[in-house]
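# Next input, structure requested:
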Amino acid sequence: MLYRVIDATELPALVSAFMESYEVVAPVKSDQGYSFEAIASPDDVELAYETTIASPKKYFLPPVETLMTFDVADNSVTDFAAEITPRVIFGAHACDINAINRLDLVFKDGRYPDPYYVARRNATLIVGISCMPTATCFCHLWDADEARFGYDLFLQDLGDKYLVSISSVEAANILEAACNPRVATDEDRFEFRQATRRRQESFNGSIPDITDVAMLMDAFHKDPYWDELGGRCLSCTACSAVCPTCFCFDIQDTFDPDGKTGRRERVWDACTAPQFAEVAGGHNFRGDGRTRVRHRMYHKLNGFLANHDRMLCVGCGRCVKACKANINPIEVLEFFERKGAEDVQ
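Numbering: from 1, shown residues only. Here you go, the predicted model:
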């Protein structure tokens, strides 16, 4: 890994340099909060942002995408060739970079790579930015508060300068051309350690740090708690809509008005949707909120870990804000904390 330092005043020049060859997507401020959007000017970028409403996942796995087109009249199928835009995701927090790394495990690095996802991923550079946690952040519990890989540049804010971690030649060349990077000094490294310590000390201490969460998910799989938690669920699927790691999808055939041609589309889906586990004949394997909510939490905190050695949840806290029924992993951690207290008594 290569480290360099740039002045904060050079940041607009770096953004502009990326914009010459790429579509730059960055956090921008709106009436509702912050969101990742394509920018028209470096002035649009808001790097001192709290967690965005939704993650940049949509730029790798769109909410709706065409997989193929078909013609019923001549029974023909045509592979759909999507236009891939060279893109830079500028200003992603560590939790979102780790979320993309988890999506890579599913769609890029698995036994059957998804060509649509891989094409977008390979055409995208990622520039990360350091952050300070909010009251609903718990990424440090899942080891997702630091991005060790999965980015091209990572900027650690040191006030009037940035310590830049460089991990790709392409991004390094653009940095070199746009800025005047210099070798980090002992003073820069000291300031980096100080900034890291401030960040670590800023996490919400009231969120329980529970060990062996995956094992506890098994141990309390049939606990009445899931009836209470699942009973609150409104099946609105807001949690999966904002989650940076949810990747469930449905396949739908959509006909054009003439009824002869159409397209097959991949559409985001959610395991908390009532019809998600319904099969032919009408049977629903998870027909109530209890089983759906439990399944979602189990996949986040146990099932994915068993296959990929890391939690699927990255502790970004988006679901904490999005759910109107207060259903989220923090609630599960607090449940485990209560159970531990009962055992002590």
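# just for this structure, where's the confidence low?
Scanning the chain for pLDDT under 70 picks out 342-345.
# And the strands in it, which stretches?
Taking DSSP state E to define them, one finds strands in the chain at 2-7, 23-29, 34-38, 64-71, 76-79, 87-92, 124-129, 153-157, 161-166, 182-183, 249-255, 261-268.
# all helices for this protein, in order.
11-19, 94-107, 115-122, 169-178, 186-200, 213-219, 225-232, 238-242, 289-298, 304-308, 318-322, 329-344 (DSSP state H).
# sorry, back to before: can you add mean neighbour count and give the strands of the chain back as CSV?
C-beta here means a position set from N, CA and C on the backbone, and glycine is covered the same way. Compiled in CSV, the strands of the chain are given as follows (neighbours: other CB atoms under 10 Å):
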stretch, mean neighbour count
strand 2-7, 18
strand 23-29, 21
strand 34-38, 18
strand 64-71, 15
strand 76-79, 10
strand 87-92, 26
strand 124-129, 23
strand 153-157, 22
strand 161-166, 21
strand 182-183, 10
strand 249-255, 12
strand 261-268, 17
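# Nearest approach to Val106 belongs to which of those?
strand 249-255 (10.9 Å; CB to CB).
# Paired strands for that closest one, with orientation please.
If you go by DSSP bridges, strand 249-255 pairs up with strand 261-268 (antiparallel).
# If you compare the directions of the strand it pairs with and strand 64-71, what angle comes out?
Here strand 261-268 points in a direction 160 degrees away from that of strand 64-71 (axes from the mean of the first three to the mean of the last three CA atoms, to 10 degrees).
# and for strand 261-268, what are the contacting residues?
For strand 261-268, the external contacting residues (CB atoms under 8 Å, 6 or more residues apart in numbering) are 61, 63-73, 80, 116, 240-241, 246, 248-256.
# before we move on, what about stretch 318-338?
51, 53-55, 136, 138, 141, 207-208, 210, 213, 216, 220, 225, 229, 232-234, 236, 238-239, 241-244, 293, 297, 300-301, 313, 315.
# show me what contacts the most centrally placed residue in the chain?
The chain has Pro244 as the residue nearest its centroid, 2.5 Å off, counting by CA atoms, centre = their mean. Residues in contact with Pro244 (CB under 8 Å, 6+ apart) are Ser55, Pro56, Lys57, Cys95, Asp96, Ala99, Ile100, Val314, Cys316, Arg318.
# Show me which of these is closest to Gly289.
Arg318 (20.4 Å).
# Distance check, the closest one against Ile207.
For Arg318, the distance to Ile207 equals 15 Å [CB to CB, to the nearest Å].
# hmm, back to that, what subset of the contacts of stretch 318-338 is buried?
Among the contacts of stretch 318-338, those classed as buried by neighbour count (16 or more other CB atoms under 10 Å) are 51, 53-55, 136, 138, 141, 207-208, 210, 213, 216, 220, 225, 229, 233, 238-239, 241-244, 293, 297, 300-301, 313, 315.
# how close does Phe220 sit to Val332?
From Phe220 to Val332 the distance is 9 Å (CB to CB).
# try Val293
10 Å.
# Spit out the residues that contact those two alike.
Leu229.
# ok so, going back, can you list the helices of the chain in TSV and add distance to Leu155?
TSV is the format used below for the helices of the chain (distance: least, CB to CB, whole Å):
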stretch	distance to Leu155
helix 11-19	8
helix 94-107	11
helix 115-122	21
helix 169-178	10
helix 186-200	11
helix 213-219	31
helix 225-232	39
helix 238-242	24
helix 289-298	33
helix 304-308	28
helix 318-322	22
helix 329-344	28
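# Most tightly packed of the ones you listed?
Highest mean neighbour count of these: helix 94-107, a mean of 23 (counted as mean count of other CB atoms under 10 Å).
# give me the number of residues near the nearest residue to Ala214 once chain neighbours are set aside?
Spatial nearest neighbour of Ala214, chain neighbours left out: Asn302 (4.3 Å); criterion: CB to CB, 6 or more residues apart in numbering. Residues contacting Asn302 under the criterion other CB atoms under 10 Å number 18.
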